Every structure is written in C-alpha cells, then in structure tokens.
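*Asks:* Below: sequence and its predicted model.
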Amino acid sequence: MAARPPLLQLSDISLTFGGDPVFADLSLVVQPGDRVALVGRNGSGKSTLMKVMAGLVEPDAGTRVIAPASSVGYMEQDPDMAGFATLGDFAASQLDPAEHYRVEMAGEGLKFDPARAVETASGGERRRAALAKLMAEAPELMLLDEPTNHLDIEAIAWLENTLKDTRTGYVLISHDRAFLRELTRATLWIDRGMVRRQEKGFTHFEEWRDKVWEDEDQQRHKLNRKIKSEARWAVEGISARRKRNQGRVRALQDLRAERSSQIKRQGAAAMALEAGPKSGKKVIEAEGISKAYGDKVILQDFSLRVLRGDRIALVGPNGVGKTTLLNMLLGQEAPDTGTVSLGTNLMPAVFDQARAQLDPEMSLWDSLTGDPDMRVSGKADQILVRGSPRHVIGYLKEFLFDEAQARAPVRSLSGGEKARLLLAKLMARESNLLVLDEPTNDLDIETLDLLQELLDDYDGTIILVSHDRDFLDRIATTTIAMEGNGRATAYAGGWTDYQAQRQPEWAASASPAPKTTSKSQSNAQVSKDNPEKLSFTEKHRLAELPGVISRLEAEIAKLEGLMADPELFTREPVKFRKATEALTSRQEALASAEEEWLMLEEKAG
C-alpha cells in the first residue's frame, strides 16, 4: 500500500514582518493522524506559525502544501464574527443546514448557547463558539490555539475525551500541561526562530529541551575556548608567521562571526514575590453562609476557616458561583445568611481574570506610573516596588518587556504579555493575602513554573480560582469543590486528591458490600447475595454512564430526525452516507454503554 501524503508541509518558510526575522528557512511536516504539541515561549511565534499553517499569514518566502482533498481548520483566539447575529450562526456558517446538529452537539459539551447574540457575548463565549465551529466542521487537520482558555474543567474534560476519540490530526497550543500530556504524541518546539520536532508527546518535552540547551551551552563553551586560544596566537605570533598564516587569521574572524550570529536564549522572567507584614493567624472565617439570586442557589450553609499560610483552591463549572464565593470571603459581597469575619492586618493583592486593572488605551509605562500605590512623588520615571523606588524600564525588563514596548498601548499586548504586566503590578505591592482568579491563562510554561516556585515560597495566604489541573495539584493544600445547587465541599489537597476522595452520591449512601471469597467466580456471575466491591474506577464509571447514555440517545435522536427526510438520499447521497455511519456508530456505542452499566449495576448489587 502506498504511503499517504503529509496533510501539511511547510518548506523553507521565512517571515519578517518588516523587522527581525520571526522564522528563517523553516520546514515542517504534519502527517495524517498526528497529535502534536506546539510549544515555545510567549512571543516566540507559536500563533504566527499556526496562522502560516492555516494559510492566514503569507510568508515572505517558502511554500505551503496541503494534501489533495484535505481541509485545514483553525481555531483562532479572537474570532471575527462581523455579519453574524448569533454565536450559532457563526459556528454553523460553513456547514450545510442538514449538519447544523453538529454545532448543537459541540455546544452541549463546550457549554455555549448558540442562540446568544454576538454583540452581547463575552470573549470566552466567542472563543467557545469558534472551537465549536471547528469541531463541527471536522477537517482533516485541526489547528487549536489555546482551546482550553475560558473553558471550565468539565468542558476541558469533554474536549479532551473528544480529541482522544477522533482520528483527525491536530496541532495544539496550550499552557495546560495535563491536557498536553494526555493528548499529544509528538512535539514541535519553536526556539529563536527554529522549529525542532521530537516524536514524543509533551510528557518528554522538558527533558528534551534541557538536553538541547545543555548541548548548546557545551558547544558555545568550546567555541569560546577556541576563540580565546586563536586570539592569543594572533597577539603573540611573530609578524612573519602572521603573513604566512592569513588563513588562520581569517578563520579567527569566522569564529567570532559565528559567535555573534548565535541568538541568545531569552532568560526567564526575573519576577519576585515577597510577603508584607504577617497577618493574624486567622485570615478569614465564614460561618453558615448562603447566597441565592432569585431561584438560583449559589451557596447553602457553608462554613470555612482560612488560616495564615493556607493555599485554598476554588473549583467548579463556569457560572456555579466561584467568584461570588470569593467576593463574600473577601467581604466585598454580603451573604444572605451567616457571617464572614476577616482577620487582622490583612494586605490583599488581587489578580482578576478579566484584567480589569489594565486600561487597554494606556501605555505600559503609564499603567505602572499612574497607579496610586506605585507612584513616586516627583519622579516621573520611577515606581515603588515593595516600598523601594525602581526605574520603570528596569522593572518592566524583569518581566521580559523590552524598552520599545514601554510606550506601546496595553491593547497591543498578547494575552500572555497582559498576564505578565498584571503580575508586575501585583508583585510590586506588599501583601500577605494573594487572591488569584485564573492566573494561568495565556502564560507560557516557563513563566508558569516560575510563578509556581514564587507561590511555594510566598510567606502568606493564597486563595486561587483555576481550571488548570496541573497548577492546582502543585499549589493547593485545600480544594473547595462547588458542584451546583448550593453545594460546596472542602477536600484536602489539590485536584487529583479531590478526584480520589469524592464519591458519587449513590455510593456514599449505600452500605458497603462484602467481598466474595470465590476466586473462580467471574464478575458477570457474582450473586446479589455476595457482591464484589467495586473499585474506585468502576464506581466513577458507573456514576458517569447514565450521562453518557443520555448524550448518545440525544445524538441518535438528532441523527434519526435528519434521516427522516425521504429525499436526503437522492438529494445529498454523501451526507446520507455520513449520517448513516454516524448513526450506526452511536447505536453501537449506546449498546456497549448500556451493557457496561448493567454489568456494573449487577456487580454493585
């Protein structure tokens, strides 16, 4: 059988945008079924490269080739929805009307309302619509730029499972380590305009990156030693010999040119975070608090004591009330019932998800010097950083901004750069209580590592809202799970610990089943008088199967409705065939899920 051609091939791509080259002589190949992580520092060109791959940015030189009869779909971070009335209109714009059900199916998993008017939709809703559009169109190659941003953990899990099951090739840009580890089998790494590829998933990326940098440092060290040796000869050599060895002099010049041409690695941000004076031992105490908006119950009879040094994480679906609980704990919103008392000597610093502290029209310079808490009287070029005056440019450089960016407007920054600027403002303050609402959005992996190290060493209290499972595991010592209908439960540890501790409601209320003593008895033959105890994985699977079955039944109903059109076969035979295949696949999946549920129910007794 002949080998299938690559889905996408870039050859000798160069791109400058009129300044220093973004890429030079770049080549890469994406094969059918590839599952690729695209990684690199903020500003390294990941999104630009993805737009070149999508055909949205024309390179200065080089070629882009797509396999015959193949399509490439791109999920952009800021989709243009001009001309569309609703999010659903945008998401279904490239689909035949008979296939609009695909948007509804993706919308259910991603939790966006297709009927939402574009003009009233938030940035997160618009991005979810762009993602639903891509998933519904199902091209042969999907290019996903930060797909997990603005998704809650449930939607991330749906997307993760969907991408696991697809046969479509895809390239992912994401800061979510758990997402990348679970899904990728190869890694493209952009570093100083060069793209390297490793045929291993993101799990092995950091080991590979560190080895490449170690080899590079060794080569640079050898080059410096050789230049030093040759330069000593040039100084100490006899004139006559020099004339006979002009080739060696030119070789020295070539060595120096080689060193000059090497692009220096960008260092890590020099962020620093220091706690101010210690707060009292008790930071926050909430007793029996409740909150509701009309018929929607946010919280019911919830109590919590936060002590100095605690790391508290709030998790749950979007819209469940995490920000409301956060505001009540900080005393910014009153509960309907119960009390919240704050400890003594609190100095809070807040990182808000909406970046409301940043004025998009202000320059980076004015954003810092115009902050009343950072202003130095009589010094227009200095700011207060944890009580000490610092020059604006020097402080911005610590967060990887160059001098040219200092006078640029905030709106010109990427999402990751805005997050770094907000961290710069946050870390300039003395604090003993950090409130971080989705701090990981748009940050590159190196900056996330540094932020985690700073939070580990922070001698204060942290309250964190995040959907990044890996970050939660690294930081949180207590996880408060908000599961809807006013329920909020505290668990020891981070995300993984929470998952291990929680049990479905039916399991918590059931009496423990005795273990069978017969080794030869199979699961299917376990009697109800002597059932085997379900493993944790089996309990979790039994709890989620009803939802899986309901989803499959809904999808089957939609497909059957589509195929009820008696003229579909003659009018659009290709779509009829695809719908038939999809219906058969879902009917088989439903039968399998029902059989699995019956087996587990019987085993559970």
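*Replies:* Thanks, I have it.
*Asks:* Quick one, grab the pLDDT at residue 514.
*Replies:* pLDDT for residue 514: 37.
*Asks:* Kindly report the same for the one 4 residues further on.
*Replies:* The predicted local confidence for residue 518 comes out at a pLDDT of 33.
*Asks:* shaky segments in the protein?
*Replies:* For the chain, residues meeting the criterion pLDDT under 70 lie at 1-3, 18-20, 221-224, 226-270, 353-356, 503-537, 540, 574, 605.
*Asks:* Following the record's annotation, map out the domains of it.
*Replies:* As assigned by automatic domain parsing, the chain contains the domains 8-207, 208-261, 282-501, 523-604.
*Asks:* Reformat those domains as a markdown table; add distance to residue 272 and mean neighbour count.
*Replies:* Where you see a C-beta, it was placed from the backbone N, CA and C, and this is true even at glycine. Putting the domains of the chain into a markdown table (distance: least, Cβ to Cβ, whole Å; neighbours: other Cβ atoms under 10 Å) gives the following:
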| stretch | distance to residue 272 | mean neighbour count |
| --- | --- | --- |
| domain 8-207 | 19 | 18 |
| domain 208-261 | 23 | 12 |
| domain 282-501 | 6 | 18 |
| domain 523-604 | 42 | 14 |
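*Asks:* any chance of the ones you listed in CSV, with distance to residue 276 too?
*Replies:* Compiled in CSV, the domains of the chain are given as follows (distance: least, Cβ to Cβ, whole Å):
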stretch, distance to residue 276
domain 8-207, 29
domain 208-261, 35
domain 282-501, 3
domain 523-604, 43
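*Asks:* Can you tell me which of those domains is nearest to residue 273?
*Replies:* Relative to residue 273, the nearest member of these by Cβ to Cβ is domain 282-501, separated by 4.2 Å.
*Asks:* Straight-line length of the closest one, end to end?
*Replies:* 27 Å (Cα to Cα, to the nearest Å).
*Asks:* what's the answer for stretch 154-173, then?
*Replies:* Its first and final residues considered, stretch 154-173 spans 19 Å by Cα to Cα.
*Asks:* tell me the phi and psi of residue 494?
*Replies:* When read as degrees, to the nearest 10, the backbone of residue 494 gives phi -100, psi -160.
*Asks:* quick one: it and residue 437, what's the gap?
*Replies:* Counting by Cβ to Cβ, to the nearest Å, the separation of residue 494 from residue 437 is 17 Å.
*Asks:* for residue 551, same thing?
*Replies:* According to Cβ to Cβ, residue 551 and residue 437 sit 31 Å apart.
*Asks:* same question, residue 480
*Replies:* Distance from residue 480 to residue 437, by Cβ to Cβ: 14 Å.
*Asks:* With residue 31 instead?
*Replies:* On the measure of Cβ to Cβ, residue 31 and residue 437 end up 40 Å apart.
*Asks:* try residue 498
*Replies:* As defined by Cβ to Cβ, residue 498 lies at a distance of 19 Å from residue 437.
*Asks:* go on, residue 403?
*Replies:* The spacing between residue 403 and residue 437, counted by Cβ to Cβ, is 31 Å.
*Asks:* How far off centre is the host helix or strand of residue 544?
*Replies:* Using DSSP states H and E, residue 544 sits in helix 536-563. Centroid separation between helix 536-563 and its chain, computed with Cα atoms, centre = their mean, to the nearest Å, is 27 Å.
*Asks:* contacting residues for residue 470?
*Replies:* 176-178 (Cβ atoms under 8 Å, 6 or more residues apart in numbering).
*Asks:* now residue 72
*Replies:* Counting by Cβ under 8 Å, 6+ apart, residue 72 makes contact with 7-8, 53-55, 66, 139-141, 143.
*Asks:* Which of these fall in strands?
*Replies:* 8, 66, 141, 143 (DSSP state E).
*Asks:* Generate JSON lines for these, with distance to residue 115 as supplementary columns.
*Replies:* Shown next, in JSON lines, are the ones in strands among the contacts of residue 72 (distance: Cβ to Cβ, whole Å):
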{"residue": "8", "distance to residue 115": "35"}
{"residue": "66", "distance to residue 115": "34"}
{"residue": "141", "distance to residue 115": "30"}
{"residue": "143", "distance to residue 115": "27"}
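*Asks:* quick check, nearest of those residues to residue 305?
*Replies:* Using Cβ to Cβ, the ones in strands among the contacts of residue 72 come closest to residue 305 at residue 143, 47.1 Å.
*Asks:* So the closest one is in contact with residue 171, correct?
*Replies:* Yes: with contact defined as Cβ atoms under 8 Å, residue 143 reaches residue 171; the gap is 5.3 Å.
*Asks:* List the residues that are in contact with both of the two.
*Replies:* Common contacts of residue 143 and residue 171 (Cβ under 8 Å, 6+ apart): 50, 53.
*Asks:* surely residue 446 meets residue 41?
*Replies:* Yes: the pair residue 446 / residue 41 is scored as a contact, 6.3 Å apart, by Cβ under 8 Å.
*Asks:* And the furthest pair within the ones in strands among the contacts of residue 72?
*Replies:* 66 and 143 (12.0 Å).
*Asks:* So for residue 271, which of the domains of the chain sits nearest?
*Replies:* In terms of Cβ to Cβ, the element of the domains of the chain nearest to residue 271 is domain 282-501, at 5.9 Å.
*Asks:* how close does the spatially closest residue to residue 444 that is not a sequence neighbour get to residue 175?
*Replies:* Nearest residue to residue 444, sequence neighbours excluded (Cβ to Cβ, 6 or more residues apart in numbering): residue 42, at 4.4 Å. The gap separating residue 42 from residue 175 is 9 Å, by Cβ to Cβ.
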